[in-house]
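# Quick one, fold the following:
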Amino acid sequence: MALVFAGICSHAPGIVNRAERVEAGRRQALYDAYARMGRAIRDKSADVLLVVGAEHFGNFFMDNMPAFAMGMADYYEGPIEDEEWLKIKRRRVAGNRDLSRRLIAGVMDEVDVAYCEEWKLDHAIMVPLHFLTPDYRLPIVPANINCQGPPLTPLHRAYRFGEALRRAADAVPERIAIVGTGGISHWPATPNSGKINEAWDRDFLARWVRGDQAAMLSYSDTETYRDAGQGGFEIRTFIAVAGAARGGNGEIWHYDAIGPFAVGCTVGVVSL
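Below is the predicted model of the structure:
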């Protein structure tokens with residue numbers, strides 16, 4: 001039928017496994033924004049949630065690092081991390097193999113994409129699902145953009161991937177929601193973990209809200225690494241959603257640079 005919802009959100013593990021380190025009101029404001037997004041997806045009667053993430057060497061390694069990958073399975077297992085550490089219980093998450101196959105075939109008309117019949121979900125997908133679909137009743141189609149292993153997927157190709165996802169989604173009868181998950185500025189697993197460049201985050205989000213393709217694609221990886229850390233490479237997932245929205249105007253429902261969560265915590269939507 002069509003893509004019926006598009007949004008972005010953060011996925012840092014600290015959002016759940018260090019929750020007690022943030023004052024209750026500030027933490028709840030973020031959680032409420034996630035819940036609002038979950039309600040918006042349900043209000044659109046979505047049949048499936050297409051989650052565009054940036055996984056962290058859980059499935060893809062330097063011996064085989066696709067620029068783009070999509071899941072094509074009846075179910076997925078996650079989190080791949082220790083469940084006591086992440087504080088999300090391990091489970092099977094429903095997929096939709098037939099729909100995934102049709103979407104992948106549609107994307108392949110425009111963009112080369114790997115596909116996986118087995119996928120262990122890490123926090124890039126499990127943290128958002130924990131809030132957006134807490135009962136895990138909504139089937140998912142996971143997708144990944146290489147934001148980890150250089151040479152990274154070029155930003156303009158991430159935008160094209162989003163456009164291809166939109167065309168594929170519009171060609172099937174199911175109602176599809178898409179959410180891009182990532183950080184903005186953050187320096188995970190480094191001595192700078194917990195550092196956040198709020199000014200850089202807000203500038204990028206302003207470009208995203210305007211749907212300004214040229215401005216979003218103007219970053220170099222060298223500049224991003226300098227100003228936003230290696231975690232900043234995950235802007236690719238937000239850019240893909242902008243591509244899927246065809247330059248529609250966005251709205252940021254929540255942004256807060258929460259040090260203990262080690263990321264600028266973001267929830268936003270974009271008009272279709």
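# Going by secondary structure, Asp227 is in what exactly?
helix 221-228 (DSSP states H and E).
# what is the rounded mean pLDDT of that helix?
Averaged over helix 221-228, pLDDT sits at 96.
# same for it, what does it pack against?
helix 198-210 (3 or more C-beta pairs under 8 Å, 6 or more residues apart in numbering; DSSP states H and E). To be clear about C-beta, it is placed using only N, CA and C from the backbone, and glycine gets the same treatment.
# Extract the C-alpha set from the helix it packs on and format it as PDB.
The C-alpha trace of helix 198-210 is given here as PDB (Å, rounded to 0.1, in the frame of the first residue of the first chain):
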ATOM      1  CA  GLU A 198      25.300  19.200  21.500                       C
ATOM      2  CA  ALA A 199      25.900  22.100  19.000                       C
ATOM      3  CA  TRP A 200      26.800  19.600  16.300                       C
ATOM      4  CA  ASP A 201      23.800  17.500  17.000                       C
ATOM      5  CA  ARG A 202      21.400  20.400  16.800                       C
ATOM      6  CA  ASP A 203      22.900  21.600  13.600                       C
ATOM      7  CA  PHE A 204      22.500  18.200  12.000                       C
ATOM      8  CA  LEU A 205      19.000  17.800  13.300                       C
ATOM      9  CA  ALA A 206      18.100  21.300  11.900                       C
ATOM     10  CA  ARG A 207      19.200  20.000   8.400                       C
ATOM     11  CA  TRP A 208      17.200  16.900   8.900                       C
ATOM     12  CA  VAL A 209      14.100  18.700   9.900                       C
ATOM     13  CA  ARG A 210      14.300  20.900   6.800                       C
END
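# For the helix holding Asp227, what is the distance to the chain centroid?
Offset of helix 221-228 from its chain centre (C-alpha atoms, centre = their mean, to the nearest Å): 20 Å.
# Same check on stretch 155-170?
Remark: stretch 155-170 is offset 14 Å from the chain centroid, using C-alpha atoms, centre = their mean.
# pretty sure Ala2 is touching Pro173, no?
No: taking contacts as C-beta atoms under 8 Å, Ala2 lies outside contact range of Pro173: 9.4 Å.
# Looking at the two, which has the bigger crowd around it?
The neighbour comparison of Ala2 against Pro173 (other C-beta atoms under 10 Å) goes to Ala2, with 14 against 9.
# burial measure for the residue nearest to Ala19 when sequence neighbours are not counted, as a count.
Of all residues not flanking Ala19 in the chain, Arg27 sits nearest, at 5.9 Å (C-beta to C-beta, 6 or more residues apart in numbering). As a burial measure, Arg27 scores 20 neighbours (other C-beta under 10 Å).
# now do Met62
Met62 has 9 neighbours, counted by other C-beta under 10 Å.
# Surely Pro260 touches Glu23?
No: checked against C-beta under 8 Å, the pair Pro260 and Glu23 is beyond contact range at 9.9 Å.
# Of those two, give the one with the bigger neighbour count.
Pro260 (16 against 9).
# State the next helix or strand along the chain beyond the helix holding Asp227.
Next helix or strand after helix 221-228 toward the C-terminus (DSSP H and E): helix 235-244.
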